[in-house]
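Undergrad: Kindly generate the corresponding structure for this input.
(one chain, ligands or ions: 1)
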Amino acid sequence: MARIQLDGVTVDFPVYDGAARSFRHSLARLAVGGAIARQRRGVVEVRALDGIDLRLEDGDRLGLIGGNGAGKTTLIRVLAGLREPTAGRAVIEGSTAALLSLGAILDGEMTGYENIDRARVLLGLPSRAALVAEIADFTELGPFLDLPVKTYSAGMQLRLSFALMTAQHPEILLLDEVFSAGDSGFRIRAEQRMRELHARTAITVFANHGMSEILSHCTKALWLDHGRIRALGPAAEVVAAYEAATAA
Ligand SMILES: Nc1ncnc2c1ncn2[C@@H]1O[C@H](COP(=O)(O)OP(=O)(O)OP(=O)(O)O)[C@@H](O)[C@H]1O
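TA: Okay, here's the model as predicted:
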């Protein structure tokens, strides 16, 4: 049994800015980013999340939608335990795995194979032989696995990090915009792997700008707007409302 419960979760980021006054004035007019929390002596605080209440349980697959700077990554980081709320309470019950950014679990100086060994230790993955075969098959990187990862393109790094993160069997899987750097071949394979994962993952939270991916993977959607919940409910309804508002 996995469970996520957020009560009034708020996250403020201090932004040290010599031109704090003009920053504050221009921020109030912007369509992107969080809201101003407060300003004192040259320090502006941006409120990335503002009073988020959320309950998720086994079987929930939540898509996070919203414009640039709406708070999606910050929410994923709170769920991953990487960011403490400034106010409110976050209860996360269950093992989590988070794929947050390209290369987050890769060491650029090491080869693909060395990274597989490293991740096996870091993530506690079993059976080296089976893991190497699985990763080589999914990534289709072939001889590139013998080269340092820093020589890989963004999409190649995505293939390797996505394969490693999804080789875990977490109860809660957190994915932040993972498909954007992949080519169409990767997307098809990643979609298939996501479907297999849904069967053995209790809760998935998935931030993506692509509405078709939200609709095909998620049961629920949460629309964030300047750090606040604009809508939360069945994925089809929230996506329709979001698309209507952004088209207007
Ligand atoms: N480490 C940080 N320091 C200062 N401000 C931050 C930090 N991280 C995020 N923010 C601010 O918090 C707000 C929310 O950012 P966040 O990255 O969560 O948005 P997002 O919805 O993931 O955006 P995008 O779709 O562009 O990736 C933005 O205004 C951003 O400038």
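
Undergrad: For Leu175, identify the helix or strand it belongs to.
TA: With the criterion set as DSSP states H and E, the secondary-structure element containing Leu175 is strand 172-176.

Undergrad: How far away from the center of its chain is that strand?
TA: The offset between the C-alpha centroid of strand 172-176 and the centroid of the whole chain comes to 6 Å, using C-alpha atoms, centre = their mean, to the nearest Å.

Undergrad: Tell me which other helices or strands it touches.
TA: The elements that strand 172-176 packs onto, with contact taken as 3 or more C-beta pairs under 8 Å, 6 or more residues apart in numbering; DSSP states H and E, are helix 72-79, strand 96-99, strand 203-207. C-beta: built from backbone N, CA, C; applies to glycine.

Undergrad: For stretch 130-148, measure first residue to last.
TA: 22 Å (C-alpha to C-alpha, to the nearest Å).

Undergrad: Report the buried residues of it.
TA: Residues 131-132, 134-136, 138-139, 141, 144-145 are the ones in stretch 130-148 that count as buried (16 or more other C-beta atoms under 10 Å).

Undergrad: what is the mean pLDDT for it?
TA: Stretch 130-148 shows a mean pLDDT of 93.

Undergrad: Other residues contacting that stretch?
TA: 108-113, 116, 120, 125, 151-152, 156, 159-160, 163-164, 167, 185, 189, 193 (C-beta atoms under 8 Å, 6 or more residues apart in numbering).

Undergrad: now, which of these lie within helices?
TA: When those are checked against helices (DSSP state H), the matches are 112-113, 116, 120, 156, 159-160, 163-164, 185, 189, 193.

Undergrad: Return a PyMOL selection command for the buried portion of those.
TA: Selection of buried members from these for PyMOL, criterion 16+ other C-beta under 10 Å:
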select buried, resi 112+116+120+156+159+160+163+164+189
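
Undergrad: So the residue nearest the centre of the chain versus the ligand, what's the distance?
TA: In the chain, the residue lying closest to the centroid (C-alpha atoms, centre = their mean) is Asp176, at 2.1 Å. Between Asp176 and the ligand the computed distance is 7 Å (C-beta to the nearest ligand atom, to the nearest Å).

Undergrad: beta partners for that residue?
TA: Ala207 (DSSP bridges).

Undergrad: For it, give me its contacts.
TA: Asp176 makes contacts with 72-73, 76, 98-101, 207, as judged by C-beta under 8 Å, 6+ apart.

Undergrad: now the residues you listed: which count as buried?
TA: In terms of neighbour count (16+ other C-beta under 10 Å), the buried residues within the contacts of Asp176 are 72-73, 76, 98-100, 207.

Undergrad: Any chance of those residues in CSV with distance to the ligand and pLDDT as columns?
TA: Supplementary listing: these in CSV, determined by distance: C-beta to the nearest ligand atom, whole Å; pLDDT from 0 to 100:
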residue, distance to the ligand, pLDDT
Lys72, 4, 95
Thr73, 3, 92
Ile76, 8, 94
Ala98, 13, 82
Leu99, 14, 77
Leu100, 10, 75
Ala207, 6, 90
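
Undergrad: Is Val91 within a helix or a strand, and which one?
TA: Remark: Val91 resides in strand 87-93, with elements defined by DSSP H and E.
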